[in-house]
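Enquirer: Output the structure for:
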Amino acid sequence: MLENPRSPRVRAVAKLTKRSARTETGLFLLEGPQAVREALSYRPEAIVELFSTPTGWEKHPDIRAKASEHGVEVEYVTEYVLNAMADTVTPQGLVAVVQQTPTAVKEIFAASPRLIAICEEVRDPGNLGTIIRAADAAGADAVVLTGRTVDPYNPKVVRATTGSLFHLPVSVGGDLVDVVSRARAAGITVLAADVKGDDLLAARAEGVLDGPTAWLFGNEARGLEDASLALADRALKLPIFGRAESLNLATAASVCLYESAFTQRAAAAR
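Expert: Numbers count the residues shown, from 1 in each chain. Now for the predicted structure:
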């Protein structure tokens, strides 16, 4: 059992809360039973180390079974050690070190996707994590991160995805011009979510959302730069029926992705 929270091994794990350490090692930190459960279910080969308190391990027989099935060994640690490793105040007894597994942009478009989220300079970790989770829930084929979008392996992003990070391909560090060019070459319409755009409901009635679509989402504060906006085939906005000034980025992205998912499925059923 690891008992010293100041040991070099514990410090190495704790450093993964910093982007520099994640970039240098190609690893990231996973905390809590739900995240560990999803990693064991969908990317067990990516798990490098798994740590748990004895109590935490006993609480989750399904995780024990999955770890045994995939040959992932657990190392017991004290509560003090686990707290020293984790980014959260309450890691709930489980922490894992996982290999980053980003997907190349060319692989995403080679798979004939029908629905993609492109995030250009999304800076808030909670927003990005929620967008990845919403894309997963809406049945999107991938999430592509461009510009200075926050690191998807940031602990706050990882937590906000609630495991969806392991469910669909995520591309990191792409150039927006290149991504849009690849989308067009794959026969995908690029729609920018922007407050200056056309009404989304009217566009839906026109059949704009029926075919393969890549939604482009911009920065929380500034939205999309004019040059980025000009790359899209069309800009669309969500109607505001109440008195709200606007919608949070992640909320708006969730609605846009689901609008496409609903419309594409309805079109396929006709």
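
Enquirer: what's the nearest residue to Asp178 if we skip its chain neighbours?
Expert: Val105 (7.1 Å; C-beta to C-beta, 6 or more residues apart in numbering). (Glycine included, C-beta is placed from N, CA and C.)

Enquirer: Quick check: the gap between the one you found and Asp210.
Expert: Counting by C-beta to C-beta, to the nearest Å, the gap from Val105 to Asp210 is 24 Å.

Enquirer: Tell me which of the two has more neighbours.
Expert: Taking neighbours as other C-beta atoms under 10 Å, Val105 and Asp210 compare with Val105 leading, 22 against 16.

Enquirer: Next, give phi and psi for that one.
Expert: When read as degrees, to the nearest 10, the backbone of Val105 gives phi -60, psi -40.

Enquirer: so what's Asp198 up against?
Expert: Applying C-beta atoms under 8 Å, 6 or more residues apart in numbering to Asp198 gives the contacts 234-237.

Enquirer: Kindly recompute the last result at 7 Å.
Expert: Neighbouring residues of Asp198 by C-beta atoms under 7 Å, 6 or more residues apart in numbering: 234-236.

Enquirer: For these, please prepare TSV with the additional fields secondary structure.
Expert: Below are the contacts of Asp198 laid out as TSV (DSSP: H, G, I helix; E, B strand; the rest coil):
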residue	secondary structure
Arg234	strand
Ala235	strand
Leu236	strand
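
Enquirer: ok, the residues you listed vs Glu259, which is closest?
Expert: The nearest member of the contacts of Asp198 to Glu259, counting by C-beta to C-beta, is Leu236 at 9.1 Å.

Enquirer: The closest one and Lys196 touch, don't they?
Expert: No. Between Leu236 and Lys196 there is no contact under C-beta atoms under 7 Å: 10.0 Å.

Enquirer: more crowded one of the two?
Expert: Leu236 (22 against 11).

Enquirer: Let me know the pLDDT of that one.
Expert: We have a pLDDT of 97 for Leu236.

Enquirer: The one 3 residues further on too?
Expert: At Pro239, the predicted lDDT confidence score is 93.

Enquirer: Equivalent analysis for Ala266, please.
Expert: Note on Ala266: pLDDT of 89.
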